[in-house]
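[1] Got a predicted model here, sequence first, then my questions.
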Amino acid sequence: MYFGVITLFPEMIDAVTKFGVTRRACENGLIKVDCINPRDYTEDKFGNVDDKPYGGGPGMLMQVQPLRDALRVARSQAPKDTKVVCMSPQGVQLNHSLVTDIHSWGSVILIAGRYEGIDERVLQKEVDLEVSVGDYVLSGGELPAMCIIDAVSRMVPGVLGNIQNAQEDSFAQGLLHFPQYTRPEEIDGMRVPEVLMSGNHEKIRNWRLQQCLGRTYERRPDLLKNRVLTKLERKLLDEYLQEHDF
Ligand SMILES: NC(=O)c1ccc(N[C@@H]2CC[C@@H](O)C2)nc1
């Protein structure tokens with residue numbers, strides 16, 4: 001998977017290329033992350049990439065020319081016809097389905113803006129999709145871009161210990177994840193649920209599915225709205241709701 005990142009702060013992207021499973025994925029050649037800095041493509045001798053907004057208003061905007069030329073370089077380094085995504089609060093909400101789509105593209109160029117935003121003509125002419133990681137404003141698009149790099153990289157075969165992790169990821173099943181425990185069996189008066197130490201894999205699988213369903217019902221009922229429950233799932237959820245006095 002190829003990621004091109006247009007950013008004024010390429011060092012920030014070290015957070016995904018120099019740590020954890022994504023670092024190993026870079027070292028193994030499973031993913032490639034290129035940073036292109038618009039400041040390297042400014043035409044004025046002061047290296048300005050921003051200017052005041054027409055029509056007035058607070059702050060500065062990123063100008064077209066440095067972004068356009070940085071994108072040109074990014075496209076030349078990326079596979080042919082790589083799509084361009086701009087990180088923005090005005091974008092479609094990132095979710096498991098969109099992460100899966102971006103993974104299926106095989107490559108993506110991510111624009112991480114700064115200041116108050118970027119000139120609309122860049123969006124008009126260069127951007128295929130605006131994507132938001134949530135309804136809040138950040139100082140730059142780098143953190144949202146790294147969310148995409150991390151989430152998409154986890155779908156690349158070989159990046160995670162075993163592919164099952166990615167499939168088991170909560171949203172892969174459309175449900176929230178079950179609670180997880182590790183040693184010791186008891187600490188501070190809190191015990192691990194007995195079923196998890198029973199060695200009965202069928203019971204453990206059912207308990208985990210029940211927890212996924214119950215927690216999703218309690219915390220994210222919207223995720224259950226369009227889900228047709230199997231007979232077993234319906235039974236497990238009803239049991240959970242009774243046990244939890246719903
Ligand atoms: N919710 C989000 O995904 C998001 C994305 C970008 C962002 N801020 C950048 C800085 C200037 C403009 O390019 C947009 N804030 C929030």
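    Sure thing, it's come through. These numbers were taken from a predicted model, which means no experiment stands behind them.
[2] Could you report the neighbour count for Arg114?
    20 (other C-beta atoms under 10 Å). In short, each C-beta sits where N, CA and C put it, glycine included.
[3] what about the residue lying closest to it once chain neighbours are set aside, neighbour count?
    Distances taken as C-beta to C-beta, 6 or more residues apart in numbering put Gly140 closest to Arg114, at 4.7 Å, once the chain neighbours are dropped. When neighbours are defined as other C-beta under 10 Å, Gly140 has 16 of them.
[4] Give me the distance from the helix or strand where Asp238 lies to the chain's centre.
    Asp238 belongs to helix 231-243 when assigned by DSSP states H and E. In terms of C-alpha atoms, centre = their mean, to the nearest Å, the centre of helix 231-243 is found 31 Å from the chain centre.
[5] Would you mind checking the average pLDDT for stretch 211-220?
    Across stretch 211-220, pLDDT averages out at 97.
[6] The ligand contacts on this structure?
    Contact residues, the chain versus the ligand (C-beta under 6 Å from any ligand atom): 87-89, 113-115, 117-118, 132-134, 136-138, 140-141, 144.
[7] who's in contact with the residue lying closest to Val64 once chain neighbours are set aside?
    Among residues not flanking Val64 along the chain, Asp119 sits closest, at 4.8 Å (C-beta to C-beta, 6+ apart). Asp119 makes contacts with 61-64, 67, as judged by C-beta atoms under 8 Å, 6 or more residues apart in numbering.
[8] Out of these, who's the most crowded?
    Within these, neighbour counts (other C-beta under 10 Å) peak at Leu67, which reaches 24 neighbours.
[9] Quick check, that one in contact with Glu120.
    No: counting by C-beta atoms under 8 Å, Glu120 is not a contact partner of Leu67; they are 11.6 Å apart.
[10] Enumerate every residue touching Leu110.
    Leu110 neighbours (C-beta under 8 Å, 6+ apart): 3-6, 85-87, 141, 145, 148-149.
[11] now the residues you listed in a markdown table, with distance to Lys32, neighbour count and secondary structure?
    Below are these laid out as a markdown table (distance: C-beta to C-beta, whole Å; neighbours: other C-beta atoms under 10 Å; DSSP: H, G, I helix; E, B strand; the rest coil):
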| residue | distance to Lys32 | neighbour count | secondary structure |
| --- | --- | --- | --- |
| Phe3 | 7 | 27 | strand |
| Gly4 | 9 | 25 | strand |
| Val5 | 11 | 28 | strand |
| Ile6 | 15 | 30 | strand |
| Val85 | 16 | 25 | strand |
| Cys86 | 20 | 26 | strand |
| Met87 | 19 | 27 | strand |
| Gly141 | 20 | 28 | coil |
| Ala145 | 15 | 29 | helix |
| Ile148 | 15 | 24 | helix |
| Ile149 | 11 | 24 | helix |
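[12] element containing the closest residue to Ser198 other than its chain neighbours?
    Nearest residue to Ser198, sequence neighbours excluded (C-beta to C-beta, 6+ apart): Ile204, at 6.9 Å. Assigned by DSSP H and E, Ile204 belongs to helix 201-219.
[13] buried set for that helix?
    By 16 or more other C-beta atoms under 10 Å, the buried positions in helix 201-219 come out as 204, 206-217.
[14] and the angle from it to helix 231-243?
    Here helix 201-219 runs at an angle of 60 degrees relative to helix 231-243 (axes from the mean of the first three to the mean of the last three C-alpha atoms, to 10 degrees).
[15] what's helix 201-219 packed up against?
    Identification of packing neighbours for helix 201-219 by 3 or more C-beta pairs under 8 Å, 6 or more residues apart in numbering; DSSP states H and E yields helix 221-225, helix 231-243.
[16] State the distance from Asn28 to Val159.
    Applying C-beta to C-beta, to the nearest Å, the value for Asn28 to Val159 is 8 Å.
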